[in-house]
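S.K.: Give me a model of this one.
(one chain, ligands or ions: 1)
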Amino acid sequence: MSGALANRRVLVTAGPTYEDIDPVRFIGNRSSGKMGFAIAEAAAARGASVVLVAGPVSLATPAGVERVDVRSAAQMREAVLARLPVDVYISAAAVADYTPADTAEQKIKKGAGAMTLELVPTVDILAEVAAHGQRPRLVVGFAAETSDVGRNARGKLEAKGLDMIAANRVGVAGSGFESDDNALSVYWPGGARELGPGPKTRLAGELLDLVSLRLA
Ligand code: CTP
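M.R.: Reported below is the predicted structural model:
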């Protein structure tokens, strides 16, 4: 197999994370995992050696991809760090930014009044990978934006020390979390490209074309 991704080690994260409150409740989000799974599948088809760290999703494992299932942001972080070094890291997962300060061992009973849940920040896995001693050659992030897409995405590119960021426009019909289609605005230092709208499977290939160009 030829091409910039042939025989490269590619690590992809996908899906939501679930942050447990007690044995029956959790904080999650609406990520379907489809974009990350499509990227993993397309990278494997290009001859890369692909590990897919997946949050809780009901999707079939793409052909030729090694899958690691995790639940929480902390577990996703552990799985990712254990797989370094890699050549390319693509962070498509919708990782929780906050997690409960404590997970109750017993189901929390309702009381009479209001209840407050204390949340603490999770580690930003993407920023950590980008600053890691075994930093992948290419670190690609995602951003979910509802407004000011370019400015916000470029801000994250810079703040997290990324090589590329793909901004999803959420809250727009025909793109985003549960849809089979998406539209991405991709930014890298000195360049930008609009991908789609179109099927996530096609966009995954187009994103990998940009990744390949940056790698070459
Ligand atoms: N990310 C991560 N670890 C976290 C949180 C996010 O690796 N604990 C990654 C996601 O996989 C994604 C990117 O960081 O690639 C999203 O960045 P984030 O700053 O969370 O942006 P948004 O989700 O767009 O949220 P916000 O605008 O609220 O910052």
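S.K.: what stretches of the protein score poorly on pLDDT?
M.R.: Along the chain, the model assigns pLDDT under 70 to residues 1, 171-177.
S.K.: quick check, the longest helix seen in it touching the ligand?
M.R.: If each helix of the chain is counted by residues according to DSSP state H, the longest one is helix 200-215. No - Helix 200-215 is not in contact with the ligand by Cβ under 6 Å from any ligand atom; minimum separation 12.6 Å. All C-beta spots, glycine's among them, are computed from the backbone N, C-alpha and C.
S.K.: swap in stretch 62-75?
M.R.: Yes - counting by Cβ under 6 Å from any ligand atom, the ligand is contacted by stretch 62-75 at residue 73.
S.K.: list the buried ones in that stretch?
M.R.: For stretch 62-75, burial by neighbour count (16 or more other Cβ atoms under 10 Å) applies to 62, 65, 67-68, 70-75.
S.K.: Distance check, residue 142 against residue 196.
M.R.: Here residue 142 is placed at a distance of 14 Å from residue 196 (Cβ to Cβ, to the nearest Å).
S.K.: More neighbours: which of these two?
M.R.: Applying other Cβ atoms under 10 Å to residue 142 and residue 196 shows that residue 142 carries more neighbours, namely 27 against 18.
S.K.: you'd agree the more buried one is up against residue 170?
M.R.: No - if you go by Cβ atoms under 8 Å, residue 142 and residue 170 don't touch, sitting 10.7 Å apart.
S.K.: residues near the closest residue to residue 16 other than its chain neighbours, how many?
M.R.: Spatial nearest neighbour of residue 16, chain neighbours left out: residue 31 (4.1 Å); criterion: Cβ to Cβ, 6 or more residues apart in numbering. By other Cβ under 10 Å, the residues close to residue 31 number 24.
S.K.: Just say helix, strand or coil for residue 31.
M.R.: Following DSSP: H, G, I helix; E, B strand; the rest coil, residue 31 is assigned to coil.
S.K.: Starting from the ligand, give me the distance back to the residue of the chain positioned farthest from its centre.
M.R.: Taking Cα atoms, centre = their mean, the residue of the chain most remote from its mean C-alpha position is residue 112, at 39.2 Å. Here the distance between residue 112 and the ligand works out to 34 Å (Cβ to the nearest ligand atom, to the nearest Å).
S.K.: A helix includes that residue, no?
M.R.: No - counting by three-state DSSP, residue 112 is located in no helix; its state is coil.
S.K.: helix, strand or coil for residue 56?
M.R.: coil.
S.K.: Wait, it touches residue 71, no?
M.R.: Yes - assessed by Cβ under 8 Å, residue 56 is found in contact with residue 71 at 5.9 Å.
S.K.: intersection of neighbour lists for the two?
M.R.: Residues within reach of residue 56 and of residue 71 at once, by Cβ atoms under 8 Å, 6 or more residues apart in numbering, are 17-18.
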